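K.L.:
got a structure for you, letters missing:
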């Protein structure tokens, strides 16, 4: 089965750029019809979709985060990466990568375990 694993620093200073990588195994990020998303959950709040990179390489971002977000991929390593710039303490959250079920963007069939990111000086 497909496995996803997030990696990156757990602590980021305000105004810096948060960078997380999702490594995918047992499934290719270029397989037709699949969308690979980043999602976060701030403490005490619900899940928030950040954006996706599609099997084709196209990207789409949440309007509320679009100006600060970039998602890219390295197909040779089967990884995709989130960069969120100009972070503030409000960006503190558990960050997840997930695969959309076939043809789906917002319904997920596989998730990473999540990684805690704290924004603090």
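P.N.:
Good, I have the coordinates. Every value quoted in this text rests on a predicted model; they were computed, and no experiment measured them.

K.L.:
mind listing what the most centrally placed residue in the chain touches?
P.N.:
Centroid-nearest residue in the chain, with CA atoms, centre = their mean: residue 38, separated by 2.4 Å. Residues near residue 38 by CB atoms under 8 Å, 6 or more residues apart in numbering: 20, 22, 49, 50, 51, 52, 71, 82, 95, 96, 97, 98. No exception for glycine: its C-beta is placed from N, CA and C like everyone else's.

K.L.:
name the element the first one belongs to?
P.N.:
In other words, residue 20. Here residue 20, judged by DSSP states H and E, is contained in strand 18-25.

K.L.:
Parallel or antiparallel, list what pairs with that strand.
P.N.:
strand 3-7 (antiparallel), strand 79-84 (antiparallel) (DSSP bridges).

K.L.:
Report how many residues lie close to the closest residue in space to residue 98 that isn't next to it in sequence.
P.N.:
The spatially closest residue to residue 98, leaving aside those adjacent along the chain, is residue 108, at 4.1 Å (CB to CB, 6 or more residues apart in numbering). When neighbours are counted by other CB atoms under 10 Å, residue 108 registers 20.

K.L.:
ditto for the one 3 residues further on
P.N.:
Applying other CB under 10 Å, we find 16 residues neighbouring residue 111.

K.L.:
List the buried residues for the strand or helix carrying residue 38?
P.N.:
Using DSSP H and E, residue 38 maps to strand 35-41. By neighbour count on 16 or more other CB atoms under 10 Å, the buried set for strand 35-41 is 35, 36, 37, 38, 39, 40.

K.L.:
now do stretch 76-87
P.N.:
78, 79, 80, 81, 82, 84, 87.

K.L.:
ditto for stretch 91-105
P.N.:
Going by 16+ other CB under 10 Å, stretch 91-105 has these buried residues: 91, 92, 93, 94, 95, 96, 97, 98, 99, 100.
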